[in-house]
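In: output the structure for:
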Amino acid sequence: MAVGLIGLSGPLIVLFLPFFVWRWWRNGRTRHSLYVVAVAAVGAVIQLATYLSSERSTPGGGTLVLLAKTAGERVGGSWLFGDTNVLAGTPHPALTVAVYAWFAIVVALTVACLPKVALPLWLLCVILLYSAVNAYGPSMVASSQAFQRHILIPVAICIVLLWAVISSGGKTILSAVAATCLLAGSWGIIHDFSPDPYPLKPDLTPLRQCVEAGTDSCHQDIFLPGWSVDLDGRQS
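Out: Numbering: from 1, shown residues only. Below is the predicted model of the structure:
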């Protein structure tokens, strides 16, 4: 049932189907594993048919170059700089070098130290990032705050693998490199965990009264300048 719900919740089941086939093969090709593959396959067919027959609301078009930019600027950038927009537009060359170097070092280090663990996780990371890149195209790297839900797991993969390298008991120099990669994200963590509080808690009474009065359109300013709630009853 859980696999069926996952399969009907989104198109990622199309990319995850090979993992279920691999699980069936590794688990002795049992009847239960075969049922799981069958459920995943049905979900993949439904999602693929829906994807191919539906109009897209966002300009997609994933390329390997865009995938690499997303990995470096969004995954590496998220850890080093948090959700600051320092990589949007034309960033400083030093920042660009920093995020790509960090990501490349993490990949090389973890694969060298823990190949059996790291390779499947990096494959999963590629699948997750490419699915987002294919769906949203250049929008993935337009802002550090856009589509953050697609960056969460890839960043987590980096961090978990770095901790695994440190705890694996390998060479001290490799553990030191992994620790340095983790500590490099200190500024980004501090930035993201200390956001500016809202300056006020808006009173929506005027907006509620406007709606109850049956007015065609209602407007109320909230929070900082530029933020507002606008309701247009003529479009309902």
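
In: residue contacts, L17?
Out: Shown in contact with L17 (C-beta atoms under 8 Å, 6 or more residues apart in numbering): V37, A40, A41, A44. Any C-beta I mention is one placed from the backbone N, CA and C, and that applies to glycine too.

In: ok, W24 next?
Out: With contact taken as C-beta under 8 Å, 6+ apart, W24 is in contact with T30, S33, L34, V36, V37.

In: which one among those gets closest to I222?
Out: Checking the contacts of W24 against I222 with C-beta to C-beta, the nearest one is V36 at 47.3 Å.

In: follow-up on the earlier one: can you redo the contacts of W24 as CSV with pLDDT?
Out: Converted to CSV, the contacts of W24 look like this (pLDDT from 0 to 100):
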residue, pLDDT
T30, 85
S33, 85
L34, 87
V36, 86
V37, 87
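
In: return the members of these classed as buried.
Out: The neighbour count (16 or more other C-beta atoms under 10 Å) marks S33, V36, V37 as buried among the contacts of W24.

In: filter those residues down to the ones in helices?
Out: Counting by DSSP state H, the members of the buried ones among the contacts of W24 that fall within helices are S33, V36, V37.

In: for the helix or strand containing L8, which outside residues touch it?
Out: Applying DSSP states H and E as the criterion places L8 in helix 2-9. Applying C-beta under 8 Å, 6+ apart, the external contacts of helix 2-9 come out as I13, F16, F20, V36, V39, A40, V42, G43, A44, I46, Q47.

In: rounded mean pLDDT for it, please.
Out: On average, the pLDDT along helix 2-9 is 78.

In: low-confidence stretches in the protein?
Out: For the chain, the stretches with pLDDT under 70 are 56-61, 195-201, 233-236.
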